[in-house]
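Participant: After the sequence you'll find the predicted model.
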Amino acid sequence: MTGGGDASAGGRGGVGDGDGGEVRAVVYDDGAMLFATRLWWAAARLGIHGVAVLDGGWAAWTAADLPTEAGRVGTVTVAASSTAASPHSPPPATPTTATDDADAAVAAAATALPLLTAEDVAAGLVDAITPSPPTARSRSAARRILIDARSAAQYAGRERRGDRAGAIPGALSLPYRALLGTGGVGLASPPQLRAAFDAAGVAPLPSEERGGGGDGATVEEWGGQGPPPPLPALGVYCNGGVASTVVIFCWVLLGGTGAANYGGSWNEWGARRDLPTVRGWE
């Protein structure tokens, strides 16, 4: 399993939720993990910890000839609290306290994994239109690097989904399938994930952008002395805000924080004639 119910990080291959907590649920799908990571992301946004993603999902499980059974379709009811308490159980929290705690958990999770609107993106979270994709090293530490998780063909405008072809100005192309393993089953290894982000132009922040001097070092150049170079914040979009969660999940696995999902993604952006697009990048 790949842990990560908490936005703070989950070790690949671990079973925890990233902070030593107990796994409360394991999610999987029968595709390229995008629906499982979407559920993980939604749970984290709601402050639900202990959700792990099964690496490779149903395909990997059946390929390993592990046991299966017929599923039962129905409604799962989760009790908010138990009606019977142990004599040694602490007294239940008052409704006000429980609500406050839940609200605080949701607020913390939403801060760690923000949800962007079209207005957020258009307001300056991406750079102005440029003739070629900007690099991560040219950006301010206060800005998000915008990632396009769709296919390279859609990014370049050779394929169209919706009213318009192209990409959001300033976005870097990192198709979510580039983060998958052989045959599109499971996630690639951590070094391969890092290489995919680096190839897309996403690298640790240059030292001058974090208060130092010089050009900074990539993770590969970092020799292990002192803290590793910090990772930048990301904004990610796809067509409908689902495949983008694969990129966000992988970024969290690599130790990144602050990865935001543009929920409306290209389905919204491409349909709005008041928002700019670019096309033709290879």
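Facilitator: In hand now; what should we look at? Numbers count the residues shown, from 1 in each chain.
Participant: contacts, neighbours, all on C-alpha from now
Facilitator: Noted.
Participant: Where does pLDDT dip in the protein?
Facilitator: 1-21, 74-111, 124-143, 204-231, 280-282 (pLDDT under 70).
Participant: now the helices for the protein?
Facilitator: Counting by DSSP state H, the chain has these helices, from start to end: 34-45, 57-63, 95-112, 118-120, 152-156, 190-200, 244-253, 265-269.
Participant: Most tightly packed of these?
Facilitator: helix 244-253 (a mean of 26; mean count of other CA atoms under 10 Å).
Participant: Would you mind pulling up the elements that it packs against?
Facilitator: helix 34-45, strand 234-237, strand 260-262 (3 or more CA pairs under 8 Å, 6 or more residues apart in numbering; DSSP states H and E).
Participant: on that earlier part again, export the helices of the chain as JSON lines, with columns for distance to R164.
Facilitator: JSON lines is the format used below for the helices of the chain (distance: least, CA to CA, whole Å):
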{"stretch": "helix 34-45", "distance to R164": "24"}
{"stretch": "helix 57-63", "distance to R164": "33"}
{"stretch": "helix 95-112", "distance to R164": "31"}
{"stretch": "helix 118-120", "distance to R164": "16"}
{"stretch": "helix 152-156", "distance to R164": "10"}
{"stretch": "helix 190-200", "distance to R164": "23"}
{"stretch": "helix 244-253", "distance to R164": "19"}
{"stretch": "helix 265-269", "distance to R164": "9"}
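Participant: To R279, which of the ones you listed lies closest?
Facilitator: With CA to CA, the closest approach to R279 among the helices of the chain belongs to helix 152-156: 5.2 Å.
Participant: And that closest one, what does it pack against?
Facilitator: Partner elements for helix 152-156 (3+ CA pairs under 8 Å, 6+ apart): none found.
Participant: So what pairs up with V26 in the strands?
Facilitator: A52 (DSSP bridges).
Participant: Quick one, which of the helices of the chain gets closest to P175.
Facilitator: Of all the helices of the chain, helix 152-156 comes closest under CA to CA, at 6.5 Å.
Participant: Can I get that closest one as CSV, trimmed to CA atoms?
Facilitator: Listed next in CSV are the C-alpha coordinates belonging to helix 152-156 (Å, rounded to 0.1, in the frame of the first residue of the first chain):
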residue,chain,number,x,y,z
ALA,A,152,0.9,15.9,-24.1
ALA,A,153,-1.4,16.0,-27.2
GLN,A,154,-4.1,17.9,-25.3
TYR,A,155,-1.5,20.2,-23.8
ALA,A,156,-0.1,21.0,-27.2
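Participant: For D163, which non-adjacent residue is spatially closest?
Facilitator: A271 (5.6 Å; CA to CA, 6 or more residues apart in numbering).
Participant: mind giving me TSV with the helices and strands packed on helix 244-253 and columns for distance to R160?
Facilitator: Shown next, in TSV, are the helices and strands packed on helix 244-253 (distance: least, CA to CA, whole Å):
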stretch	distance to R160
helix 34-45	21
strand 234-237	15
strand 260-262	19
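Participant: Of all the ones you listed, which one is nearest A52?
Facilitator: helix 34-45 (7.2 Å).
Participant: Please report how far the nearest residue to G270 once chain neighbours are set aside lies from A271.
Facilitator: Of all residues not flanking G270 in the chain, R164 sits nearest, at 5.3 Å (CA to CA, 6+ apart). With distances taken as CA to CA, to the nearest Å, R164 is found 7 Å from A271.
Participant: do L116 as well
Facilitator: From L116 to A271 the distance is 17 Å (CA to CA).
Participant: ok, those two, which is more surrounded?
Facilitator: Neighbours per residue (other CA atoms under 10 Å) separate L116 from A271, with L116 holding more: 18 against 12.
Participant: which ones are touching the more buried one?
Facilitator: G235, A260, N261, Y262, G263 (CA atoms under 8 Å, 6 or more residues apart in numbering).
Participant: is it true that V26 touches L54?
Facilitator: Yes - between V26 and L54 a contact is recorded at 6.3 Å, counting by CA atoms under 8 Å.
Participant: More neighbours: which of the two?
Facilitator: More crowded of V26 and L54, by other CA under 10 Å: L54, with 23 against 18.
Participant: gap between the more buried one and A122?
Facilitator: 35 Å.
Participant: Likewise for V23?
Facilitator: 38 Å.
Participant: Next: E159.
Facilitator: E159 is 23 Å from A122, by CA to CA.
Participant: what do you get for G255?
Facilitator: 27 Å.
Participant: How about W61?
Facilitator: Counting by CA to CA, the gap from W61 to A122 is 42 Å.
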